[in-house]
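> below are the sequence and a predicted model for it; my questions follow.
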Amino acid sequence: QVQPVESGGGLVQAGGSLRLSCAASGRTFSGYAMGWFRQAPGKEREFVAAISGSGTVTYYADSVKGRFTISRENAKDTVHLQMNSLKPEDTAVYYCAARSFGLAHFTLSPADFGSWGQGTQVTVSS
């Protein structure tokens with residue numbers, strides 16, 4: 001298993017940008033699909049974006065499509081989430097997670113990912 005560790009959260013004004021990073025130490029990083037999820041206070045954890053092990057396949061939640069971009073650098077065991085045009089409703093704790101099996105549109109729930117980071121807070125002020 002890989003162990004994800006997130007970084008890059010913070011406070012930003014609406015319309016601004018942030019870039020989250022996730023370093024995943026452990027076994028062969030390219031063998032894992034990676035995902036970003038978020039959880040706002042009082043809400044369930046929700047899918048944000050995911051990327052296949054090779055980086056050729058990506059999925060996004062409708063709420064972030066066109067604003068967020070997920071990418072990975074397998075040589076550095078790192079996955080990124082570039083967040084642009086941020087809105088107050090993007091405020092949440094963002095989690096990075098790893099999946100040791102293939103990635104498909106029906107494998108994007110939190111239960112489909114086995115290794116989780118501790119999360120990083122993103123706060124968007126209006």
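Noted; the coordinates are in hand. Numbers count the residues shown, from 1 in each chain.
> partners of the residue most central in space within the chain in the sheet?
Per Cα atoms, centre = their mean, the C-alpha nearest to the average position across the chain is that of Trp36, at 1.9 Å. Beta-bridge partners for Trp36, by DSSP bridges, are Ala49, Cys96.
> what residues are up against it?
Leu20, Cys22, Val48, Ala49, Ala50, Ile70, Val79, Leu81, Tyr94, Tyr95, Cys96, Ala97 (Cβ atoms under 8 Å, 6 or more residues apart in numbering). Where C-beta positions appear, they are placed from N, C-alpha and C, glycine not excepted.
> and with 6 Å instead?
Contacts for Trp36 (Cβ atoms under 6 Å, 6 or more residues apart in numbering) come out as Val48, Ala49, Leu81.
> for Val122, same thing?
Gly9, Tyr94.
> name the SS class of it, please.
strand (DSSP: H, G, I helix; E, B strand; the rest coil).
> equivalent analysis for Ser30, please.
Once three-state DSSP is applied, Ser30 turns out helix.
> how about the residue lying closest to it once chain neighbours are set aside, phi and psi?
Nearest residue to Ser30, sequence neighbours excluded (Cβ to Cβ, 6 or more residues apart in numbering): Asn74, at 4.3 Å. The phi/psi pair for Asn74 (degrees, to the nearest 10) reads phi -70, psi -30.
> sorry, back to before: separation between the residue nearest to the centre of the chain and Ser126?
23 Å (Cβ to Cβ, to the nearest Å).
> Gly119 now?
23 Å.
> and for Thr56?
Thr56 is 37 Å from Ser126, by Cβ to Cβ.
> one more: Tyr94?
19 Å.
> could you pull out the buried residues of stretch 60-77?
Tyr60, Ala61, Val64, Phe68, Thr69, Ile70, Arg72, Asp77 (16 or more other Cβ atoms under 10 Å).
> so which of those residues are in strands?
Tyr60, Phe68, Thr69, Ile70, Arg72 (DSSP state E).
> so for Gly119 and Ser126, which residue has more residues nearby?
Gly119 (18 against 9; other Cβ atoms under 10 Å).
> wouldn't that one be in contact with Tyr95 here?
Yes. Between Gly119 and Tyr95 there is a contact under Cβ atoms under 6 Å: 4.7 Å.
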